[in-house]
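**Student:** after the sequence you'll find the predicted model.
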Amino acid sequence: MPVTPRSTALVTGASSGIGASYAKRLAARGHDLILVARRADRLEKLANELTSAFGVSVRTVIADLSSDAGMAEVANILAADTSIDMLVNNAGVSYLGASMDIAPEAIDTLLAVNITALTRLSRAALGGFVARNRGTIVNIGSVLAFKAPPIASAYSGTKAYVLLYTRGLQAELKDTAVRVQAVLPAGVATEIYDGTILPLDQIPAELVMNVDALVDAALAGLDRGEEVTLPSVGDLDLWARFDAAQDALFAASQTGTPAPRYGV
Ligand SMILES: NC(=O)c1ccc[n+]([C@@H]2O[C@H](COP(=O)([O-])OP(=O)(O)OC[C@H]3O[C@@H](n4cnc5c(N)ncnc54)[C@H](OP(=O)(O)O)[C@@H]3O)[C@@H](O)[C@H]2O)c1
């Protein structure tokens, strides 16, 4: 009788918030885990809790995903460990404020963690996933992919990247069994708001989702086969119309000539 291989999920940004909730829920589903973040104490505590509660194996990797070395370390694990069949690209930062008030170094970090690390880790995982025709990538975006408020221009831009990159991967992989899901939360009660110009207590409580509810909905969306999961959106036809409008706009751009209004 064939032995069922163990399934390992690698979760970035697992030391708090959405990533820690994914770790709990995936452990409850029986996945072994590799948890990545910078705060070793948080990761160790969570690893011990999950090992005793669910009997799964949990490895922690202390890595800074804004650095080349940190990205390379985690990418190497993804490329080498054939038991990994799920990558949750969750680590993210948000520096909120007017663009000229955000330090250039903070912008570099924002782009590195939210865009470069997510892309490099996806690339590293996909080699094995495609070769084995098995595996799932979950990319945590945001509804700010659709809207850039004046305090979140760069952050919103990174999340628009996450959505479009994920859509591209889905198109590339459509003839394989490899899945890529974009999860686009709205407000979720996590530490990401701490120390920003928009602390959680300034957001109406009814607009902020509980973190475990967010992850439960996102996993339900994955189980339902959704490519884009919008946990707080009731009317999914809005997404279908948005997606169709983007396709129509792109198709309308394929003319090769300036539109008549330019008089060229
Ligand atoms: N909360 C919301 O309202 C909301 C809404 C939409 C989307 N999101 C997205 O959800 C994801 C998770 O955020 P969260 O709300 O759960 O916030 P959080 O509690 O602040 O968690 C962020 C996680 O990312 C990790 N991280 C940050 N910088 C890192 C770095 N340089 N290297 C490695 N890990 C790093 C943090 O770990 P260490 O600090 O230990 O490294 C932490 O585990 C992010 O992508 C965020 O953009 C959040």
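**Tutor:** Everything's here; your move.

**Student:** can you give me the helices in the stretch 1-150 of the chain?
**Tutor:** In chain order, the stretch 1-150 of the chain shows helices spanning 17-28, 40-54, 68-80, 104-111, 118-132, with DSSP state H, counting those that start in this stretch as the criterion.

**Student:** tilt between the first one and helix 40-54?
**Tutor:** On the basis of axes from the mean of the first three to the mean of the last three C-alpha atoms, to 10 degrees, helix 17-28 is oriented at 30 degrees to helix 40-54.

**Student:** what's helix 17-28 packed up against?
**Tutor:** Other elements packing on helix 17-28 under the criterion 3 or more C-beta pairs under 8 Å, 6 or more residues apart in numbering; DSSP states H and E are strand 8-12, strand 32-37, helix 40-54, strand 84-89, helix 211-223. From N, CA and C alone the C-beta is placed, and that goes for glycine too.

**Student:** do the third one as well
**Tutor:** Contacts of helix 68-80 with other secondary structure elements, assessed using 3+ C-beta pairs under 8 Å, 6+ apart, are made with strand 8-12, strand 58-62, strand 84-89, helix 118-132.

**Student:** list of residues touching it?
**Tutor:** Contact partners of helix 68-80, identified using C-beta atoms under 8 Å, 6 or more residues apart in numbering, comprise 10, 12, 34, 36, 61, 63-65, 84, 87, 112, 116-117, 120-121, 123-125, 127-128.

**Student:** okay, and the beta partners of residue 229?
**Tutor:** Beta bridges link residue 229 to residue 183 when assigned by DSSP bridges.

**Student:** can you check residue 36 too?
**Tutor:** The residues listed as beta-bridge partners of residue 36 by DSSP bridges are residue 12, residue 61.

**Student:** now do the contacts for it.
**Tutor:** Listed by C-beta under 8 Å, 6+ apart, the contact set of residue 36 reads 10, 11, 12, 13, 14, 43, 60, 61, 63, 65, 74, 91.

**Student:** next, count neighbours for whatever residue of the stretch 51-200 of the chain ends up closest to the ligand.
**Tutor:** With distances taken as C-beta to the nearest ligand atom, the stretch 51-200 of the chain approaches the ligand most closely at residue 92, which sits 2.2 Å away. Counted with other C-beta atoms under 10 Å, the neighbours of residue 92 add up to 25.

**Student:** with residue 22 instead?
**Tutor:** By other C-beta under 10 Å, neighbour count at residue 22 equals 30.

**Student:** mind listing what's buried along stretch 57-71?
**Tutor:** The neighbour-count criterion (16 or more other C-beta atoms under 10 Å) identifies 58, 60, 61, 63, 64, 65, 66, 70, 71 as the buried residues of stretch 57-71.

**Student:** and stretch 115-124, by the same measure?
**Tutor:** When neighbours are counted by 16+ other C-beta under 10 Å, the buried residues of stretch 115-124 are found to be 115, 116, 117, 118, 119, 120, 121, 122, 124.

**Student:** returning to that earlier point: I'd say the residue of the stretch 51-200 of the chain closest to the ligand and residue 141 touch.
**Tutor:** No. In this structure, residue 92 sits apart from residue 141 without contact. The criterion is C-beta atoms under 8 Å, and the distance is 9.1 Å.

**Student:** where does residue 67 sit relative to residue 159, distance-wise?
**Tutor:** Here the criterion is C-beta to C-beta, to the nearest Å. By it, residue 67 lies 22 Å from residue 159.

**Student:** where does the stretch 101-250 of the chain dip in pLDDT?
**Tutor:** The stretch 101-250 of the chain contains no residues with pLDDT under 70.

**Student:** what's the longest helix along the chain packed up against?
**Tutor:** Longest helix in the chain by number of residues, with DSSP state H as the criterion: helix 153-172. Using 3+ C-beta pairs under 8 Å, 6+ apart as the contact definition, the elements that helix 153-172 packs against are helix 104-111, helix 118-132, strand 136-140, strand 179-183, strand 228-229.
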